[in-house]
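[1] sequence first, predicted coordinates after that:
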Amino acid sequence: MAAIKENYYTGFHTFEKLSDTVGLPVDQTNFVLSQFTALFFAGILRVFLKPGNVRPATRHLFGLVIGLLLGYFCFGKQAAHLAGLPALCFIAMRTQDPRCVQRVVLTLALGYLSCVHYYRQIYAYGSYTLDITGPLMVITQKVIGLAYNIHDGFTRLEKDLTPLQRHQAVKIMPTTLEYFSYIFHFQALMAGPVIFYRDYMDFINGTRLKGGKSFSGFYADSSKELEEIVLEPSPTKAVIKKITASLIFAVLFVSFSSLFPIQRVKDQDFLENTTIFYKIWYLMISMFFIRCKYYYAWLFADAICNNSGMGYNGIGEDGNHRWDLIANVHPLKFELSSCLKDAISAWNIGTNRWLRMIVYDRNGPCKVFATNGLSALWHGFYPGYYLTFATGALFTYAARSVRRHIRPYFIGSKPMKFFYDVLTFTASRISMAYLAFSFVLLEFIPSVRVYTSMYLIPHLLALAAIYLLPLLPLRQSQNNLSEPSGNGHVINCITNHQPEVRNGTSKNKTE
């Protein structure tokens, strides 16, 4: 098996000497080189191939060709899958009834991705070698999202759509060039984030949507006014800031992750001869350094998009230009969040939005489990994924129950509210480490042994929050009362906090 793992990487080995010098495996060296190359070509696209200077087809071709070359450099013969999956889905989009095209594409894309996941799991079990599944997961998101956008645009009334669905609905079938450029554009091929088709076409054409309007030619209704060309400010400051932050996280990961290896939690000595407080502390530290790897990849990918002119989000309340339209992570918000919901909403934002649009907003009472289930399947078949998302769903319901039944007792004064925030901040840090470690560990039995070594206390507390807290009387407060009704009675309007779709590691958001 070791030999198989060693030869599993099929990308170029041209820079093996460089990888030996810097102390990184050749697959990771290729990934870093491809990201810096993409950053360079992103600047070329923004400066020399502006929408006002060249035709959209030129911008499409540039992004498509660079993306294909980088994909082949990093993955070699495996890059054939990058073309195979979207080609099958494009045929389905062109031939299937829009009323069912989303289900057909969902089945095709997930089926194809699952086969590749299964192949890797057999021939490179537990390996973190860079392979085609990474970009293929992003492509799967794109084709499924586009199929749902086509379904919404062709078959549903706007009044029946959520704001996100309405904004992303597609009413004109993409051409072959538009479709494959969208799938393979180099800015987000390697590490995401997932970008919806409408947003990508808006970038290509140099236009932006305002108040839900579309640019000319996108909707079938040509009577809609032409949107103005937006002269975006320079993204240089945002790009430098994000690259600097990403490199700092890369240094933290390379320097310290080996000091706190997550594999240590499988050791008998760790399980039997450490206290529950030490275990929790170790998981929190280890998972932080693992998150640094994701921070690096996602911040750098965001910088690449920004450097090409993609991701401008107008002027914020502070008067500064914002370049966070397609940001995939907010590290400080995640690490300093005072509750589980805020932490989840700052992690893998593109995937969260994708899950909300295609699953969460289209399902009924089982929406949380359906969302977590799809996220787990999208990741693959390692048991650790399913433990993470099952635990994540449990903690989601528990957090809602705590917010509904406990929070009103603490918001009467600032000291009590501060005390509540400290408790939820601490609980969120523990919860994120506890639910996410199995995602990295991958294995079922070792993960369960860690759970039992901590006496399943977080699981039991979550169950208690769900089933016992509702027995408490709901306390009314100024934040939870509506105006008096006509008969003089006060209407209790305590409601569940608005849920948001989540993706467990990096990848599923609900609360």
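    Received, thanks.
[2] mind listing what's buried along stretch 335-343?
    Residues Ser337, Ser338, Cys339, Leu340, Lys341, Asp342, Ala343 are the ones in stretch 335-343 that count as buried (16 or more other CB atoms under 10 Å). The way it works is simple: take the backbone N, C-alpha and C, and place the C-beta from them, glycine included.
[3] how far away is the fifth one from Ile280?
    Think Lys341. 21 Å (CB to CB, to the nearest Å).
[4] the second one too?
    Counting by CB to CB, the gap between Ser338 and Ile280 amounts to 18 Å.
[5] same thing with the last one?
    With distances defined as CB to CB, the gap from Ala343 to Ile280 amounts to 16 Å.
[6] do the fourth one as well
    Going from Leu340 to Ile280 by CB to CB gives 16 Å.
[7] again with Asp152
    In terms of CB to CB, Asp152 sits 44 Å off from Ile280.
[8] ok, now Asn320?
    Taking CB to CB, one finds Asn320 at 38 Å from Ile280.
[9] who has more neighbours, those two?
    A direct count of neighbours by other CB atoms under 10 Å for Asn320 and Ile280 places Ile280 higher, at 17 against 11.
[10] how about that one, what does it touch?
    Residues in contact with Ile280 (CB atoms under 8 Å, 6 or more residues apart in numbering) are Ile430, Ala433, Tyr434, Met454.
[11] what's the farthest-apart pair in those?
    Ala433 and Met454 (11.1 Å; CB to CB).
[12] compare these two (neighbour count), which wins?
    Ala433 (22 against 17).
[13] please name every helix or strand in contact with the one helix or strand the more buried one maps to.
    Secondary structure from DSSP states H and E places Ala433 in helix 414-441. The contact analysis (3 or more CB pairs under 8 Å, 6 or more residues apart in numbering; DSSP states H and E) places helix 414-441 against helix 276-307, helix 340-345, helix 383-405, helix 444-453, helix 457-467.
[14] make JSON lines out of the ones you listed and add mean pLDDT.
    JSON lines is the format used below for those (pLDDT from 0 to 100):
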{"stretch": "helix 276-307", "mean pLDDT": "97"}
{"stretch": "helix 340-345", "mean pLDDT": "88"}
{"stretch": "helix 383-405", "mean pLDDT": "94"}
{"stretch": "helix 444-453", "mean pLDDT": "97"}
{"stretch": "helix 457-467", "mean pLDDT": "96"}
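[15] switch those helices over to JSON lines; also include distance to Met137.
    Formatted as JSON lines, these follow (distance: least, CB to CB, whole Å):
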{"stretch": "helix 276-307", "distance to Met137": "13"}
{"stretch": "helix 340-345", "distance to Met137": "19"}
{"stretch": "helix 383-405", "distance to Met137": "12"}
{"stretch": "helix 444-453", "distance to Met137": "22"}
{"stretch": "helix 457-467", "distance to Met137": "28"}
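[16] of all those helices, which one is nearest Phe260?
    Taking CB to CB, helix 276-307 is the member of those nearest to Phe260, at 4.2 Å.
[17] helix or strand right after that closest one?
    By DSSP H and E, the next helix or strand past helix 276-307 is helix 331-336.
[18] any weak-confidence spans in this structure?
    Confidence mapping of the chain against pLDDT under 70 gives the ranges 1-8, 208-232, 476-511.
[19] just the strands in it please.
    Assigned by DSSP state E, the strands in the chain fall at 481-484, 490-492, 502-503, 508-509.
[20] Val359 is nearest to which of the helices and strands packed on helix 414-441?
    Taking CB to CB, helix 383-405 is the member of these nearest to Val359, at 12.5 Å.
[21] Pro470 and His405 touch, don't they?
    Yes. Using CB atoms under 8 Å, Pro470 makes contact with His405 at a distance of 6.4 Å.
[22] ok, back up a step: can you add distance to Ala38 and give the buried residues of stretch 335-343 back as TSV?
    TSV is the format used below for the buried residues of stretch 335-343 (distance: CB to CB, whole Å):
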residue	distance to Ala38
Ser337	30
Ser338	36
Cys339	35
Leu340	34
Lys341	33
Asp342	31
Ala343	29
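[23] which single one of the residues you listed is nearest to Asn30?
    Ala343 (32.0 Å).
[24] roughly how far apart are that closest one and Ile430?
    Ala343 is 11 Å from Ile430, by CB to CB.
[25] with Gln168 instead?
    Separation of Gln168 from Ile430 (CB to CB) stands at 36 Å.
[26] ok, these two, which is more surrounded?
    Taking neighbours as other CB under 10 Å, Gln168 and Ile430 compare with Gln168 leading, 21 against 17.
[27] what's near enough to touch the residue lying closest to Leu394 once chain neighbours are set aside?
    In space, and not counting its chain neighbours, Leu394 is closest to Ala462: 5.0 Å by CB to CB, 6 or more residues apart in numbering. Shown in contact with Ala462 (CB under 8 Å, 6+ apart): Leu394, Phe395, Tyr397, Ala398.
[28] do the same with Ile150
    Applying CB under 8 Å, 6+ apart to Ile150 gives the contacts Met93, Pro98, Val101, Gln102, Val170, Met173.
[29] redo that, cut-off 6 Å
    Neighbouring residues of Ile150 by CB atoms under 6 Å, 6 or more residues apart in numbering: Pro98, Val170.
[30] next one: the one 3 residues further on
    Applying CB under 6 Å, 6+ apart to Gly153 gives the contacts Ala169, Val170, Lys171.
[31] and the second one, how many neighbours?
    In this case it means Val170. 23.
[32] next: the first one.
    The burial count assigned to Ala169 is 21, neighbours taken as other CB under 10 Å.
[33] and Thr21, by the same measure?
    Considering only other CB under 10 Å, Thr21 is surrounded by 10 other residues.
[34] how close does it get to Leu136?
    30 Å.
[35] got it, and Ser413?
    For Ser413 relative to Leu136 (CB to CB), the value is 52 Å.
[36] compare these two (neighbour count), which wins?
    Per other CB under 10 Å, whichever of Ser413 and Leu136 has more neighbours is Leu136, with 22 against 9.
[37] from the chain's centroid, how far away is stretch 254-273?
    27 Å (CA atoms, centre = their mean, to the nearest Å).
[38] hey, C-alpha coordinates of it in CSV?
    C-alpha atoms of stretch 254-273 as CSV (Å, rounded to 0.1, in the frame of the first residue of the first chain):
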residue,chain,number,x,y,z
VAL,A,254,4.6,24.3,8.7
SER,A,255,6.3,25.3,11.9
PHE,A,256,3.9,24.0,14.6
SER,A,257,1.4,21.4,13.2
SER,A,258,4.0,18.7,13.6
LEU,A,259,4.3,19.6,17.3
PHE,A,260,0.6,18.8,17.8
PRO,A,261,-0.2,16.0,15.4
ILE,A,262,-3.8,15.0,15.4
GLN,A,263,-2.8,11.3,15.0
ARG,A,264,-1.6,11.4,18.6
VAL,A,265,-5.2,11.2,19.9
LYS,A,266,-5.2,7.6,18.7
ASP,A,267,-2.3,6.6,21.1
GLN,A,268,-3.2,4.5,24.1
ASP,A,269,-1.2,6.7,26.4
PHE,A,270,-3.1,9.8,25.3
LEU,A,271,-6.5,8.1,25.7
GLU,A,272,-5.8,6.5,29.1
ASN,A,273,-3.3,8.7,30.9
